[in-house]
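Student: dropping a prediction and its sequence here:
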Amino acid sequence: MVRSSQPRKQRKAAGSAPIHSQRKRVRARLALEDGSYSTVRTVTVRAGDTVKVVRGDFGFPNSVKSDERGKRAQGKRGASGVSGVVILVNPDGMLHIEGVTVTKSDGKDEPFPIRASNVVITKLDDSDSKRMAKILSRENGGA
């Protein structure tokens, strides 16, 4: 990034970076159920990955309530740990996840964006062989 340590210059450089560079910064912790890739800590999120929301209204709330409404008037606060497939990844770090929606005033559901730092990846989309090879090389001590 920038050689300066000033936060304003870091934020400016991150915000004005090219989209392909911003996209590579959209990473999330890798916590696979089978325990494979144990040495790989984070992976760039892609559409098709299965993630679990661990923070926020759709993550693990402070108080699990059954029928009461939470911070967002349309959703129950007790919907903890929602899992779903990533539908869309924005370069600004926001993910659209299947099953994470809010109801608009006209009754339509729209996807609610979740920041990539608030999810963990539980299953990788293994359709891209180059991506899997790169992750495997990082598992085996590569850079």
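Tutor: Looks like it came in fine. Residues are numbered from 1 along each chain as shown.

Student: okay, CA-based contacts and neighbour counts for the rest of this
Tutor: OK.

Student: can you give me the neighbour number for Val119?
Tutor: 26 (other C-alpha atoms under 10 Å).

Student: apologies, that question was intended for Ala13.
Tutor: 13.

Student: which parts of the protein are strands?
Tutor: With DSSP state E as the criterion, the chain has strands at 27-30, 42-44, 50-53, 83-89, 94-97, 101-103, 109-111, 114-115, 119-123.

Student: in TSV, list those along with distance to Ser36 and mean pLDDT.
Tutor: Shown next, in TSV, are the strands of the chain (distance: least, C-alpha to C-alpha, whole Å; pLDDT from 0 to 100):
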stretch	distance to Ser36	mean pLDDT
strand 27-30	10	94
strand 42-44	13	94
strand 50-53	15	93
strand 83-89	19	95
strand 94-97	23	94
strand 101-103	31	85
strand 109-111	31	89
strand 114-115	25	94
strand 119-123	10	94
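
Student: for Gly141, find the nearest of those strands.
Tutor: Gly141 lies closest to strand 42-44 among these, at 14.4 Å (C-alpha to C-alpha).

Student: for the spatially closest residue to Ile135 that is not a sequence neighbour, give me its contacts.
Tutor: In this structure, Ile135 finds its nearest non-sequential neighbour in Val40, 7.5 Å apart by C-alpha to C-alpha, 6 or more residues apart in numbering. Going by C-alpha atoms under 8 Å, 6 or more residues apart in numbering, Val40 touches Leu30, Ile135, Arg138, Glu139.

Student: can you pick the most crowded of the residues you listed?
Tutor: Leu30 (24 neighbours).

Student: returning to that earlier point: how close does the residue nearest to Ile135 sit to Gly56?
Tutor: 25 Å (C-alpha to C-alpha, to the nearest Å).

Student: ok, now Ile114?
Tutor: 9 Å.

Student: and these two? Which one has more around it.
Tutor: Neighbour tally, Ile114 and Gly56, criterion other C-alpha under 10 Å: the higher count belongs to Ile114, 20 against 16.

Student: endpoints of stretch 39-55, how far apart?
Tutor: Start-to-end, stretch 39-55 (C-alpha to C-alpha) is 23 Å.
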